[in-house]
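Model the structure of this input:
(one chain, ligands or ions: 2)
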Amino acid sequence: MADIAETPLAKPAGLTTDSAKHHAGDREGRNVFLLACACAALAYGIAWIFPDYARLAFGIGALVSVLPFARTALGKARRGSPFSIETLVTIAVIGALPINAGAEAVVVVALFSLGELLEGFAAARARSGLTALAELLPSTAIIERDGARVEVPVATLGVGMTILVAGGDRIPADGTIIDGRSEMNEAAITGESRPVAKGIGDPVFAGSINGDGNLRISVTKDATNSIVARIGKLVEDAQESTSPTARFIDNFSAYYTPAAILIAALVALLPPLLAGGDWAVWLYRALTVLLIACPCALVLSTPAAIATGIATAARNGILIKSGAALEALAHIRIAAFDKTGTITMGHPVVTDVVGDVLSLAAALETGLAHPVARAIVAEAAKRGIDVPAASDVSIRQGEGVEGMVGTLRVELLSPRATAALEGAKAASIRELEKDGKTVAVLVVDSTIRGFIACRDEPRDDAGPAIRALAALGIRTLMLSGDNQRTASSVAEPLGMEAFGELMPADKLERINQLKAEQPILMVGDGVNDAPALATATLGLAMGGGTDVAIETADVGLLKDRLTGIPDAIRLARKARRTILVNIVIAIGLKLVFLVLAVFGITNLWTAILADTGATILVTINALLLFWTFQASPTAVQSALRRA
Ligand SMILES: Nc1ncnc2c1ncn2[C@@H]1O[C@H](COP(=O)(O)OP(=O)(O)OP(=O)(O)O)[C@@H](O)[C@H]1O
Ligand SMILES: [Zn+2]
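Numbering: from 1, shown residues only. Ligands and ions are numbered 1, 2, ... in the order given. The predicted structure is shown next:
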């Protein structure tokens with residue numbers, strides 16, 4: 001760990017401090033445990049050799065070993081939580097002395113500190129899904145200075161510096177390749193281990209593994225802003241965020257613990273006062289009740305599952321931004337998708353040109369970002385057509401473009417927006433649209449000159465993803481600005497409903513309508529559909545490790561693969577089941593032992609074992625999520641499986 005201390009910025013800052021914190025906690029927990037064991041051993045030894053001093057030895061042993069917990073209890077009480085488990089243990093140990101239960105008290109403290117130690121270890125495990133990610137980052141980079149190669153700490157790298165990465169090494173910083181080509185394993189960021197080919201001009205990300213090529217890279221982000229560092233920070237914040245269930249349980253514990261103390265007091269007082277019970281017997285039972293009453297398993301039940309769920313998701317390339325988003329994801333009943341770039345590739349290709357329209361159309365579309373515009377400009381270039389310059393070009397939102405080419409007034413519009421479109425032309429356009437093509441009609445000085453059709457193919461993974469969502473009982477639908485016929489012919493073969501001809505405001509209205517019925521997830525590329533993502537119950541941005549997937553939306557997919565959506569929902573549902581099971585374990589075990597304690601069947605040892613046991617059980621149950629979750633196979637994997 002020494003190298004972290006020397007170059008604190010070399011690794012994602014949050015992760016470093018977090019693991020450092022846990023290590024300090026581990027060490028302290030271990031010391032407290034060793035002290036408790038030593039006290040117990042000494043007390044039992046003295047009691048065995050000098051039976052007359054047994055009571056004194058156990059009493060002193062118990063008091064000394066409980067001291068660290070008493071101190072913690074005091075600290076917590078000062079910070080406003082007087083009913084901590086440490087308080088309960090301290091009261092129980094002190095209370096045990098007058099009733100001659102010191103021998104048990106020393107063992108209780110030893111068991112309790114062992115439990116704390118194990119629990120700290122398990123909790124760290126649950127959170128550390130991503131520390132592995134931090135360890136992937138090299139702490140130094142090679143730069144060229146005055147013609148010589150110099151090794152410098154990654155923290156000192158700045159934007160614009162040039163670094164050299166040899167074949168097989170890890171990339172130390174986000175940047176752009178300026179020389180060389182190679183294959184990149186980006187599993188650290190996207191969870192996808194299939195290598196990606198990269199050449200000059202392509203972006204590379206810190207933490208990925210360089211293939212065979214030697215690369216010269218221009219740094220584009222300093223260490224703290226690299227994608228991997230920001231993912232680490234987001235995941236950590238998400239793990240610490242509360243969810244509705246966690247909040248409910250916190251509120252519940254605020255009443256539960258004082259109530260438990262009250263019950264313990266009644267157990268100690270009422271039977272002796274009202275029924276002439278033995279004071280020592282009932283005080284002992286009350287102390288047992290007190291230990292059993294500790295709510296720590298319950299308090300941990302939800303956060304442990306959420307932290308594990310979020311870490312598991314991150315390992316599979318799914319970035320879930322908060323505990324609340326994880327819980328909401330489990331309740332989603334409808335998934336709505338944007339069409340272009342989400343269900344389709346986002347790169348339409350011209351398929352039909354009717355009439356001499358390409359050069360005028362390309363004139364209007366030159367420089368526009370709309371996928372249809374790019375398709376038309378690319379087609380004109382491919383055919384070597386001269387494209388004249390256009391002036392006064394303006395976009396007609398959701399309809400097309402218009403402008404002047406020379407002295408001609410030219411419009412390029414969707415059929416729906418085109419006036420006086422009828423007869424044979426209208427019929428052949430309808431046919432093209434039924435093939436899933438988008439048609440743009442060229443109008444010159446109010447006369448229809450002809451039209452261009454282009455087609456945007458569905459992504460390979462759209463079919464598997466939609467089928468997987470249907471299998472989860474989720475209604476899928478596509479929202480599109482395109483013609484209804486075009487939208488339907490893309491969506492229906494995939495098994496989705498299609499809503500076409502939606503202007504941006506219509507999309508929001510439709511989402512609001514659907515949201516009123518059932519929780520809805522909106523899936524988009526995050527670029528021009530941010531309002532839709534924000535309007536839905538939950539927004540999910542595709543984006544494959546880009547800033548967009550990381551910054552926008554409640555959930556981001558780092559792997560640009562639609563099957564990540566059913567994976568995310570499956571994981572969220574599993575996490576919710578884990579939470580429920582944890583709550584049942586935590587409350588169930590306590591109830592059983594509470595009854596046993598009142599009837600005097602358990603003792604202080606089993607009480608503390610039950611408490612620590614429940615805490616460890618909940619944590620292990622949460623970790624099962626991490627160990628057992630399987631993301632859906634990649635296209636390559638399923639092809640291999642079929643073969
Ligand atoms: N630059 C353009 N050139 C030609 N047609 C266009 C242009 N811009 C918009 N259109 C037409 O208007 C329709 C709606 O456009 P809009 O941008 O609102 O939706 P979209 O983003 O293409 O569709 P989706 O919602 O499916 O992604 C398009 O389907 C197309 O027919
Ligand atoms: Zn406890």
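
quick one: buried residues of whatever helix or strand Tyr256 lives in?
Here Tyr256 sits within helix 244-275, counting by DSSP states H and E. Buried residues in helix 244-275, counting neighbours by 16 or more other CB atoms under 10 Å, are found at 245-246, 249, 253, 256-257, 260-261, 263-264, 267-268, 271. All C-beta atoms are positioned from the backbone trio N, CA, C, and that covers glycine.

Can you name the next helix or strand after it?
helix 279-292.

Quick one: mean pLDDT for that following helix?
Across helix 279-292, pLDDT averages out at 86.

near ligand 2, anything from it?
No. Helix 279-292 does not reach ligand 2 (CB under 5 Å from the ion); its nearest approach is 8.1 Å.

For the very next helix or strand once past that helix, enumerate the helices and strands it packs against.
Tracing the chain C-terminally past helix 279-292 and defining elements by DSSP H and E, one meets helix 296-315 next. Here helix 296-315 touches helix 102-127, helix 227-240, helix 244-275, strand 318-320, helix 323-331, helix 564-598, helix 604-628, going by 3 or more CB pairs under 8 Å, 6 or more residues apart in numbering; DSSP states H and E.

List the buried residues in the second one.
Of the residues in helix 227-240, those with enough neighbours to count as buried (16+ other CB under 10 Å) are 227-236, 238-240.

count of residues packed around the one residue in the stretch 401-550 of the chain that gets nearest to ligand 2?
Of all residues in the stretch 401-550 of the chain, Leu538 sits closest to ligand 2, at 34.0 Å by CB to the ion. Residues near Leu538, counting by other CB atoms under 10 Å, number 25.

repeat for Ala575
Residues lying near Ala575 (other CB under 10 Å) number 29.

Ok, Leu117 next?
Neighbour number of Leu117 under other CB under 10 Å is 20.

circling back to that earlier point, dump the buried residues of helix 244-275 to CSV, plus distance to ligand 2 and pLDDT.
Output for those, formatted as CSV (distance: CB to the ion, whole Å; pLDDT from 0 to 100):
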residue, distance to ligand 2, pLDDT
Thr245, 19, 81
Ala246, 17, 80
Ile249, 14, 77
Ser253, 11, 73
Tyr256, 12, 75
Thr257, 10, 73
Ala260, 11, 78
Ile261, 14, 82
Ile263, 16, 87
Ala264, 14, 87
Val267, 19, 89
Ala268, 20, 89
Pro271, 26, 89
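
of all these, which comes closest to ligand 1?
Distance ranking of the buried residues of helix 244-275 against ligand 1, using CB to the nearest ligand atom, places Thr245 first at 35.8 Å.

So Lys221: helix, strand or coil?
Following DSSP: H, G, I helix; E, B strand; the rest coil, we place Lys221 in the coil state.

Quickly note the distance from it to ligand 2.
Applying CB to the ion, to the nearest Å, the value for Lys221 to ligand 2 is 44 Å.

Give me the nearest residue to that residue, chain neighbours excluded.
Closest residue to Lys221 in three dimensions, ignoring its sequence neighbours and counting by CB to CB, 6 or more residues apart in numbering: Asp174, at 4.1 Å.

just Ala420 next, same as before
Leaving aside its chain neighbours, Ala420 sits nearest to Ile448 (7.4 Å; criterion: CB to CB, 6+ apart).

three-state assignment of the one you found?
Classification of Ile448 using three-state DSSP returns strand.

hang on, isn't it packed against Gly423?
No. In this structure, Ile448 is not within contact of Gly423 by CB atoms under 8 Å, at 10.2 Å.

of these two, who's got more company?
Ile448 (20 against 8).

Might you report the residue contacts of the more buried one?
Thr418, Ala420, Leu421, Lys425, Val441, Leu442 (CB atoms under 8 Å, 6 or more residues apart in numbering).

Three-state assignment for Gly168, please.
State at Gly168, reduced to three classes by three-state DSSP: coil.

Show me which residues of the chain sit near ligand 1.
Residues of the chain lying close to ligand 1 by CB under 6 Å from any ligand atom are 338-340, 365, 368, 370, 372-373, 398-401, 412, 414, 438, 440, 480-482.

repeat that with 5 Å
The chain has residues 339-340, 370, 372-373, 398, 400-401, 414, 438, 440, 480-482 near ligand 1, with proximity defined as CB under 5 Å from any ligand atom.
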